[in-house]
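> Sequence first, then the predicted structure, then my questions.
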Amino acid sequence: MLTKELVKYRLLKGKAKPAFVDTEGKDLQLLADYMIGFYASAVSKNRGEIDTEVDLFTKGTTHPFIARGLNKLLLDTADFESRHSEDHCAWREALLLKSAELLKAGKLDELEELSKTSAAEKQLYGDLPEYDKLLSVKEIFSAELLNKYNVAQVQGILIHARSMTVSIPRKTDAAQLRRLFKYMKFFRLLADIRVEKDSYIIQIDGPLSVLDSAKKYGLQLAIFFPAICHLPEWEIRAACFLKKREIDLVLNQKSSLQSPYKNFQAYVPEEIQLFAQHFKETVDDWELVKDIPFLEGSQANEEIIFPDFTLKNRSGNFVYLELFHRWHKAALQKRIQYCLLNPDFPLIIGIDSRCMDKEIKAALELSNFPEAKYFTFRDYPTVTKVKKCLELKT
């Protein structure tokens with residue numbers, strides 16, 4: 001993503017208008033092609049050399065601001081070889097101590113010889129970042145890079161978002177919606193999902209009660225945004241606090257933004273793989289089901305739930321598992337109430353222990369919330385606690 005000094009927008013009646021570039025503009029495509037080509041030819045150069053050359057180029061181009069942004073995005077995909085090591089630090093310390101001894105003894109000839117041999121062996125400060133060598137850069141076309149720049153301009157604003165509402169037509173393909181919600185879960189975002197007329201309304205709120213997590217949550221919102229761009233029709237409305245003022249960001253598919261995310265369906269986080277494998281090995285009567293459905297309430301305008309896991313037993317009965325992390329307190333309170341009002345609803349909720357403050361504990365204790373309906377965890381749930389809830393339910 002772009003750093004704040006590389007994000008550009010204008011304000012119009014309290015609404016932020018990102019400074020998008022023309023992805024089909026010949027001059028900008030030439031600029032992007034040049035920078036892509038530069039990095040392709042810069043393999044084996046060190047970071048300091050690259051920074052110097054890029055700085056000279058960006059100062060001479062007709063689009064220096066855009067060039068700096070494209071450079072940042074290319075750097076994000078670059079793989080550098082880090083030479084930092086304790087051995088290098090120890091070697092440097094020994095060399096400096098030896099040099100000091102020779103200088104103090106007035107053995108200048110030996111000092112000069114030591115300087116030559118050590119310089120031939122390795123760079124004195126070669127473990128600093130500026131000496132890291134470029135190993136590779138992810139391949140990308142100019143149009144892709146320019147589109148990524150436009151998406152990053154939006155992300156640079158969304159990182160300051162306090163809440164975001166996404167509107168999606170109900171006619172949207174179910175597989176596309178499922179992929180969107182998988183992205184949402186992957187980035188540990190929770191939302192109120194409701195049906196209003198012909199649209200799904202997805203309200204993603206920031207952690208108003210967890211101030212130290214606000215920046216991280218804003219970052220998660222920003223990283224999630226490109227997933228929305230996969231949809232054929234969409235609209236977002238975000239409330240942001242930027243430069244000591246409240247501003248709104250309103251965008252839809254007419255902005256022609258394209259998601260840089262590819263092949264997400266094939267990616268399964270390691271912790272989920274481990275959980276699934278352990279569950280398969282230790283729980284005999286239940287299995288994890290790959291397809292996760294939308295759970296719609298029977299009442300009009302009732303919230304739609306998209307759980308994290310679907311569990312199925314040998315009798316064909318389903319139980320759903322939904323996880324609430326430390327910045328999900330507001331959503332957790334709503335889900336506790338929902339479960340109390342719908343005691344037969346087959347949902348187990350996992351609560352991050354850092355979310356278990358006095359208010360949440362009181363809500364569970366005073367309502368006699370069933371032990372079979374929830375468990376606590378730290379960072380990620382254990383199969384043991386999930387299994388216990390399933391056993392209590394039966």
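Happy to help now that I have it.

> use CA for all of it now, contacts and neighbours both
Noted.

> Let me see the domain layout of the protein.
86-127, 159-265, 268-393 (automatic domain parsing).

> Which one of these lies nearest to residue 60?
Minimum separation from residue 60 across the domains of the chain (Cα to Cα) falls at domain 159-265, 28.8 Å.

> those helices in the stretch 151-300 of the chain, which residues are they?
174-186, 214-228, 270-282 (DSSP state H, counting those that start in this stretch).

> and among those helices, the most buried is which?
helix 214-228 (a mean of 21; mean count of other Cα atoms under 10 Å).

> what packs against that helix?
Using 3 or more Cα pairs under 8 Å, 6 or more residues apart in numbering; DSSP states H and E, the elements in contact with helix 214-228 are helix 142-158, strand 161-169, helix 174-186.

> now the angle between helix 174-186 and that helix, please.
Inter-element angle recorded for helix 214-228 and helix 174-186: 160 degrees (by axes from the mean of the first three to the mean of the last three Cα atoms, to 10 degrees).

> what is the orientation angle of helix 214-228 with helix 142-158?
140 degrees.

> Next, the angle strand 161-169 makes with helix 214-228.
Calculated by the same axes, to 10 degrees, helix 214-228 forms an angle of 20 degrees with strand 161-169.

> how far is helix 214-228 from where the chain is centred?
A distance of 6 Å separates the centroid of the chain from that of helix 214-228, by Cα atoms, centre = their mean, to the nearest Å.

> okay but residue 147 is in contact with residue 229, surely?
No: under the criterion of Cα atoms under 8 Å, residue 147 is not in contact with residue 229, lying 11.3 Å apart.

> Which neighbours do those two have in common?
257-258 (Cα atoms under 8 Å, 6 or more residues apart in numbering).

> Please spell out which residues along the helix or strand hosting residue 94 are buried.
Secondary structure from DSSP states H and E places residue 94 in helix 86-104. For helix 86-104, burial by neighbour count (16 or more other Cα atoms under 10 Å) applies to 88, 92, 95, 99, 102.

> Using JSON lines, lay out the domains of the chain together with distance to residue 80 and mean pLDDT.
Formatted as JSON lines, the domains of the chain follow (distance: least, Cα to Cα, whole Å; pLDDT from 0 to 100):
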{"stretch": "domain 86-127", "distance to residue 80": "12", "mean pLDDT": "72"}
{"stretch": "domain 159-265", "distance to residue 80": "22", "mean pLDDT": "84"}
{"stretch": "domain 268-393", "distance to residue 80": "24", "mean pLDDT": "85"}
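
> So which of those is the most surrounded?
Scoring those by mean count of other Cα under 10 Å, the most buried comes out as domain 159-265, with a mean of 18.

> Save the helices and strands packed on helix 214-228 as CSV, and put in distance to residue 327 too.
CSV is the format used below for the helices and strands packed on helix 214-228 (distance: least, Cα to Cα, whole Å):
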stretch, distance to residue 327
helix 142-158, 17
strand 161-169, 12
helix 174-186, 13
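
> out of the ones you listed, which comes closest to residue 201?
The closest of the helices and strands packed on helix 214-228 to residue 201 is strand 161-169. By Cα to Cα, the value is 4.8 Å.

> For the closest one, what is the distance to the chain centroid?
The gap between where strand 161-169 is centred and where its chain is centred comes out at 17 Å by Cα atoms, centre = their mean.

> Does anything pack onto it? Which helices or strands?
Short answer (3+ Cα pairs under 8 Å, 6+ apart): strand 161-169 packs on strand 199-205, helix 214-228, strand 235-242.

> of all those, which lies closest to residue 168?
Of all the helices and strands packed on strand 161-169, strand 199-205 sits nearest to residue 168, with 5.1 Å by Cα to Cα.

> CA atoms of the closest one as PDB?
The C-alpha trace of strand 199-205 is given here as PDB (Å, rounded to 0.1, in the frame of the first residue of the first chain):
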ATOM      1  CA  SER A 199     -29.700  -5.200  -1.700                       C
ATOM      2  CA  TYR A 200     -27.500  -6.800   0.900                       C
ATOM      3  CA  ILE A 201     -26.300  -4.100   3.300                       C
ATOM      4  CA  ILE A 202     -23.000  -5.000   5.000                       C
ATOM      5  CA  GLN A 203     -22.100  -2.700   7.900                       C
ATOM      6  CA  ILE A 204     -18.500  -3.000   9.000                       C
ATOM      7  CA  ASP A 205     -17.800  -1.000  12.200                       C
END
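
> close enough to count as contact, residue 142 and residue 29?
Yes: using Cα under 8 Å, residue 142 makes contact with residue 29 at a distance of 5.7 Å.

> Identify the residues contacting the spatially most central residue of the chain.
In the chain, the residue lying closest to the centroid (Cα atoms, centre = their mean) is residue 223, at 4.3 Å. By Cα under 8 Å, 6+ apart, the contact list for residue 223 reads 155, 187.

> how near is it to residue 141?
21 Å (Cα to Cα, to the nearest Å).

> thinking again about what came up before, minimum distance to residue 58: which of the helices of the stretch 151-300 of the chain has it?
helix 214-228 (26.8 Å).

> If I take that closest one and strand 199-205, what angle do their directions form?
Using the same axes, to 10 degrees: helix 214-228 against strand 199-205 is 160 degrees.

> circling back: which stretch among the helices and strands packed on strand 161-169 comes nearest residue 328?
Nearest of the helices and strands packed on strand 161-169 (Cα to Cα): strand 199-205, 8.9 Å.
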